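**Q** need a structure here:
(chains A and B)
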Amino acid sequence: MLRATIVGAGGLGGPIAISLGAAGVELTIADHDHVELSNLHRQIQFTSMDLEQPKAARLAEVVVAQGGAARGLATRWSADTADQLAAGADVVIDASDDPVTKFAVADWAVANGRCYVISAALRYGGNVMAGAPGVACYRCLFEEPIDAPTCADAGVLGPTVAAIGGVAAAVALALARGDRTLTGALLVFEDLRRTADPRVVRFAPRPGCPACARAPISPVATPAHVAEVR
Amino acid sequence: MPTIRIPSALRSFTGGASDVEVAATTVRDSLAQLDRRHPGILAKIVDHGKIKPFIRIFVGPDEIAGLSGLETKLAERDEVAIVPAIAGGQAEVSDA
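**A** Modelled structure (predicted):
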């Protein structure tokens, strides 16, 4: 069975978890937050019955109710929790709304030779990046988490996070099964009201990237249980 | 003329326009023209002559860091895409 860790159980984490869980991926979901009324328009995995409940546990229950395997942990991704949260994961998926967390997830994945996906949504569009050992990383692209626009600045539409989350799940599933087609590229969805076609932009490893400097010299071998499903 | 694709986060400078055509032969020139037409936008992209670390610029599918940086030449039909890092998921959009 493939395994994934999802960081964030909100607007992006919901569709990612439900679709991957239904695809048979065993999930660990991490989110320290609780469900609020203002979440419900875009975090459609929750209902008014879930208010004040821990998001990670509730989302895991939704996945399990649909026949999937998931556990939800009410914790943040941090240097102290990363090893535990991502132990055994074939792919780690950032679905958070925090630029610092996105870099932390990517840095951990690079340092530990894991595949990862960074997803983000804003207003009517979003970005999805696929990372794998040996290719340009998220920090090669965006260097550091300063002043990145957030939804607190500009907002996000419910259908936007559903669409971007769906793409992130598809990319994560491909990575977990060994498909490296989109690594070293960023999918940019500029405005989903006008087109669902992403701009696919490519980037190279950045000389001096501190994350890559700490990375394993050679890519990690494909886990045996991944090879079985090819 | 080359076209600059403006990300949604910077469209407040362009009156909501997503595309701006510029008569420019390099990326640097295109950004200068963009700023002359929409004052203030360049300061959101470039700091002390360098592209800010959370913004990347692409000509077609390629990041300019892998080309000639701000001196990358532009052809008549080139598209220059400004791509900022973004986060996601927090608040409601007010103008949906």
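
**Q** can you map out the helices along chain A?
**A** A:13-22, A:55-65, A:82-85, A:99-111, A:138-142, A:151-154, A:158-176, A:210-213, A:224-229 (DSSP state H).

**Q** nearest to A:Phe203, out of these?
**A** Nearest to A:Phe203 among those is helix A:138-142 (5.2 Å), distances taken as C-beta to C-beta. Just so you know, the C-beta spots here come from the backbone N, C-alpha and C atoms, and that holds for glycine as well.

**Q** how about the helices of chain A in CSV, adding mean neighbour count, distance to A:Ala196 and mean pLDDT?
**A** Conversion of these to CSV gives the following (neighbours: other C-beta atoms under 10 Å in any protein chain shown; distance: least, C-beta to C-beta, whole Å; pLDDT from 0 to 100):
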stretch, mean neighbour count, distance to A:Ala196, mean pLDDT
helix A:13-22, 25, 15, 98
helix A:55-65, 22, 25, 98
helix A:82-85, 16, 32, 96
helix A:99-111, 23, 23, 95
helix A:138-142, 25, 23, 93
helix A:151-154, 18, 20, 54
helix A:158-176, 23, 7, 95
helix A:210-213, 15, 31, 89
helix A:224-229, 12, 28, 38
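
**Q** look up the closest residue to A:Arg114, ignoring the ones flanking it.
**A** A:Val92 (5.8 Å; C-beta to C-beta, 6 or more residues apart in numbering or on different chains).

**Q** tell me, what residue is most central in chain B?
**A** With distances taken as C-alpha atoms, centre = their mean, the residue of chain B nearest its centroid is B:Ile82 (3.4 Å).

**Q** what sits closest to A:Leu37 if chain neighbours are left out?
**A** A:Leu51 is the one closest to A:Leu37 (C-beta to C-beta, 6+ apart), at 6.2 Å.

**Q** need the helices of chain A in TSV (columns: distance to chain B).
**A** Converted to TSV, those look like this (distance: least, C-beta to the nearest C-beta, whole Å):
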stretch	distance to chain B
helix A:13-22	8
helix A:55-65	11
helix A:82-85	19
helix A:99-111	5
helix A:138-142	4
helix A:151-154	4
helix A:158-176	6
helix A:210-213	12
helix A:224-229	28
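
**Q** dump those helices into JSON lines; add distance to B:Phe54 as well.
**A** JSON lines is the format used below for those (distance: least, C-beta to C-beta, whole Å):
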{"stretch": "helix A:13-22", "distance to B:Phe54": "23"}
{"stretch": "helix A:55-65", "distance to B:Phe54": "27"}
{"stretch": "helix A:82-85", "distance to B:Phe54": "22"}
{"stretch": "helix A:99-111", "distance to B:Phe54": "8"}
{"stretch": "helix A:138-142", "distance to B:Phe54": "5"}
{"stretch": "helix A:151-154", "distance to B:Phe54": "13"}
{"stretch": "helix A:158-176", "distance to B:Phe54": "19"}
{"stretch": "helix A:210-213", "distance to B:Phe54": "15"}
{"stretch": "helix A:224-229", "distance to B:Phe54": "33"}
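
**Q** nearest to A:Asp191, out of those?
**A** Distance to A:Asp191, taken as C-beta to C-beta, is lowest for helix A:158-176 among those, at 9.4 Å.

**Q** determine which of the helices of chain A approaches B:Ala9 most closely.
**A** Closest to B:Ala9 of these is helix A:151-154 (C-beta to C-beta; 6.1 Å).

**Q** hmm, A:Ala106 is touching A:Ala120, no?
**A** No - contact criterion C-beta atoms under 8 Å: A:Ala106 and A:Ala120 do not qualify, at 11.9 Å.

**Q** so how far is the longest helix that chain B contains off the chain centroid?
**A** Taking residue count as the measure and DSSP H as the definition, the longest helix of chain B comes out as helix B:27-37. Counting by C-alpha atoms, centre = their mean, to the nearest Å, helix B:27-37 is centred 9 Å from the centre of its parent chain.

**Q** same check on stretch A:42-60?
**A** The gap between the average C-alpha position of stretch A:42-60 and the chain average comes to 18 Å, counting by C-alpha atoms, centre = their mean.

**Q** show the end-to-end separation of that stretch, please.
**A** Chord length of stretch A:42-60, first to last residue, is 17 Å (C-alpha to C-alpha, to the nearest Å).

**Q** what comes into contact with it?
**A** Surrounding stretch A:42-60, the residues in contact under the criterion C-beta atoms under 8 Å, 6 or more residues apart in numbering or on different chains are A:9-11, A:13-15, A:17-18, A:27, A:29-37, A:39-40, A:62, A:70-75, A:156-158, A:160-162, B:89, B:92.
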